[in-house]
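1. How does the following fold in three dimensions:
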Amino acid sequence: MAVPAAFFALFFAYPVGAIVARGLREGGTWQFGRIGEVAGDPDILSVLWFTVWQAAASTGLTLVLALPGAYVFARYDFPGKQLLRAVVTVPFVLPTVVVGSAFLALVGRGGLLDEVWGVRLDTTVWAILLAHVFFNYAVVVRTVGGLWAQLDPRQEEAARVLGAGRFAAWRRVTLPALLPAVAAAALMTFLFTFTSFGVIQILGGPYYATLEVEIYRQTADFLDLPAAAVLTMVQFAAVAAILALHAWTVRRRETALRLVDPALTARRPRGKGQWALLGSVLVSIVVLLILPLAVLVERSFHGAGGGYGLVFYRALAHTDADATFLVPPLDAVRNSLQYAAVATVIALVVGGLAAAAVTRRAGRLVRGFDALLMLPLGTSAVTVGFGFLIALDEPPLDLRASWILVPLAQALVAVPFVVRTMLPVLRAIDDRLREAAAVLGASPWRVWREVDLPLVRRALLVAAGFAFAISLGEFGATVFLARPDTPTLPVAVARLLGRAGELNYGQAMALSTILMVVCAVALLLLERVRTDKAGEF
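-> Numbers count the residues shown, from 1 in each chain. So this is what the prediction gives:
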């Protein structure tokens with residue numbers, strides 16, 4: 001636990017604590033009165049209400065649309081299932097700024113709906129809700145569908161034999177077993193939408209703001225650190241409560257059920273009803289997930305005058321005259337790949353050690369440490385990024401001018417995914433194998449190399465794939481840390497979208513397409529090596 005604890009203390013707790021202290025301390029004394037002033041501001045209360053409301057609405061809509069998909073992936077076997085599973089997961093690992101770009105191309109000004117029907121949904125709450133469904137669909141499919149696939153269908157069949165109807169058997173047998181997974185998926189979806197930043201920034205415009213967006217505005221636009229510090233504390237408290245509930249649901253799911261091999265539960269659809277269900281799920285996936293990505297690609301090739309070509313892609317290789325970038329935007333691709341590679345190594349080391357520590361049963365201390373590892377997922381990335389600049393500015397941690405700040409911030413977000421991917425596999429290893437190797441004279445290092453590593457190798461590759469994709473798309477903290485001469489892909493997309501002109505818009509679509517393709521390739525490779533026990537993501 002020493003290395004992960006030190007990593008989180010230095011690069012999470014210290015920067016977040018520094019920015020809160022900077023905001024609430026004045027002249028050496030704490031100004032706690034600012035908490036009441038900020039919390040009582042009607043504008044802030046309006047932001048808090050919208051944050052909670054849109055997160056709850058997004059979560060409910062995601063569950064309604066994604067639970068049928070979870071059932072289809074769990075119980076049906078059909079051609080192209082593995083490929084479709086990877087396609088469904090692509091939106092989840094895309095940067096939120098790219099998700100916003102995809103929906104801007106679909107429902108924004110000059111988008112597909114605007115051109116065909118004259119309908120615009122950008123700067124409306126519907127665009128935000130649909131984008132959140134797009135982003136979180138895979139959370140429900142993987143979390144609920146992964147458990148559903150391992151539930152023994154013979155239990156429900158036995159209830160049918162004893163006289164229960166189809167719905168009654170599902171409600172009394174399957175639903176209680178699924179509830180912990182549904183709750184876990186709902187809580188994770190609520191967490192991701194509660195802390196939404198890129199989607200709101202692009203699609204919400206000046207009309208809508210979540211706590212995360214408001215923290216960014218107070219920090220970057222108004223330099224009001226006290227207000228940002230109070231909002232950070234509010235968000236941190238809410239996230240801590242959500243993660244505590246999530247940890248409880250995960251423990252229930254892991255201990256309350258006896259599971260079977262998913263290969264034994266899936267079968268080809270039978271009858272018109274099952275084929276109709278499969279067809280409706282495929283249609284919803286095409287409309288909700290594939291169409292926005294397809295429109296994003298189409299807009300990247302759609303040049304002036306209605307023709308198609310590589311104009312926007314060629315423009316990426318040149319520095320623009322209005323100095324949006326100090327380097328050609330295409331350099332952002334190389335920067336992002338390099339940063340993500342370093343962040344992946346850091347996340348694997350920190351997350352792997354943390355997962356190994358958590359698998360050792362040591363009571364409440366380790367369970368608390370497990371919950372701590374999840375906090376970066378819900379803590380304001382804006383606060384972390386700005387906190388890096390404020391806290392890491394004195395020897396021996398004067399890193400403001402160092403390139404390592406970006407991968408460190410990215411690794412913070414990637415570590416929870418590594419931990420959650422590795423934990424189920426590490427817990428499944430029989431301790432007697434390690435004990436037998438030790439009795440035969442193997443050192444602890446050799447036990448790990450010859451017993452643990454062969455069993456967790458595939459899960460380690462899955463964790464690396466997720467860490468790379470997540471690091472590639474980190475935006476909230478990177479927007480503060482990436483230097484003008486070394487922008488990352490998400491930062492470059494956001495800057496281009498923030499400037500007027502068809503060329504800037506087209507280049508943003510082109511960069512978003514490149515980032516989407518890289519993430520999709522990483523996901524497809526990940527699907528080829530994944531195991532059925534490779535975590536909840």
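2. which parts of the lengthiest helix in the chain are buried?
-> In terms of residue count, the longest helix belonging to the chain (DSSP state H) is helix 42-75. Within helix 42-75, the residues that qualify as buried by neighbour count (16 or more other CB atoms under 10 Å) are 44, 47-48, 50-52, 54-55, 58-59, 61-63, 65-75. (C-beta placed from N, C-alpha, C; glycine too.)
3. next one: stretch 12-28
-> For stretch 12-28, the buried set under the neighbour-count rule, 16+ other CB under 10 Å, comprises 12, 15-16, 18-20, 22-24.
4. hmm, which two among those are most spread apart?
-> 12 and 24 (18.7 Å; CB to CB).
5. Quick one: the helices in the stretch 251-400 of the chain, in order.
-> For the stretch 251-400 of the chain, the helices defined by DSSP state H, counting those that start in this stretch cover 271-285, 291-301, 311-315, 331-359, 364-378, 381-391.
6. Show me what the last one is packed up against.
-> Packing contacts for helix 381-391, counted by 3 or more CB pairs under 8 Å, 6 or more residues apart in numbering; DSSP states H and E, involve helix 14-24, helix 211-216, helix 225-255, helix 405-428, helix 478-481.
7. do the same with the second one
-> Packed against helix 291-301 by the contact rule (3+ CB pairs under 8 Å, 6+ apart) you find helix 96-107, helix 311-315, helix 502-529.
8. out of those helices, deepest packed?
-> helix 96-107 (a mean of 28; mean count of other CB atoms under 10 Å).
9. Which strands or helices does that helix pack on?
-> Under the contact rule (3+ CB pairs under 8 Å, 6+ apart), helix 96-107 is packed against helix 112-117, helix 125-148, helix 198-199, helix 291-301, helix 453-473, helix 489-497, helix 502-529.
10. Would you mind finding the most buried of these?
-> Mean neighbour count (mean count of other CB under 10 Å) peaks for helix 198-199 among these, with a mean of 28.
11. who's in contact with residue 515?
-> Residue 515 is in contact with 94-95, 98, 336, 472-473, 489-490, 493, counting by CB atoms under 8 Å, 6 or more residues apart in numbering.
12. Let's see that with 6 Å instead.
-> By CB atoms under 6 Å, 6 or more residues apart in numbering, the residues touching residue 515 are 98, 489.
13. Per-residue pLDDT of it, please?
-> According to the prediction, residue 515 has pLDDT 83.
14. again with residue 280
-> 94.
15. ok, residue 336 - how many residues close by?
-> By the measure other CB atoms under 10 Å, the count of residues near residue 336 is 30.
16. Please disregard the earlier target; I meant residue 153.
-> Neighbourhood size, residue 153 [other CB under 10 Å]: 17.
17. where does this structure have low pLDDT?
-> 26-28, 31, 250-264, 303-306, 320-325, 361-364, 366-367, 378, 527-537 (pLDDT under 70).
18. coming back round to it: between the helices and strands packed on helix 291-301, which one is closest to residue 454.
-> Closest among these, using CB to CB: helix 502-529, at 13.9 Å.
19. between the closest one and helix 125-148, how many degrees?
-> Relative orientation of helix 502-529 versus helix 125-148 (axes from the mean of the first three to the mean of the last three CA atoms, to 10 degrees): 10 degrees.
20. circling back: show me what the longest helix of the chain packs onto, helices and strands only.
-> The contact analysis (3 or more CB pairs under 6 Å, 6 or more residues apart in numbering; DSSP states H and E) places helix 42-75 against helix 125-148, helix 175-194, helix 271-285.
21. now the angle from the last one to helix 42-75?
-> Put plainly, it is helix 271-285. Using the same axes, to 10 degrees: helix 271-285 against helix 42-75 is 140 degrees.
22. list the helices and strands helix 271-285 packs on?
-> Against helix 271-285 (3+ CB pairs under 6 Å, 6+ apart) you get helix 42-75.
23. Give the buried residues for the helix or strand harbouring residue 434.
-> Here residue 434 sits within helix 431-439, counting by DSSP states H and E. For helix 431-439, a neighbour-count test (16+ other CB under 10 Å) marks 434, 437 as buried.
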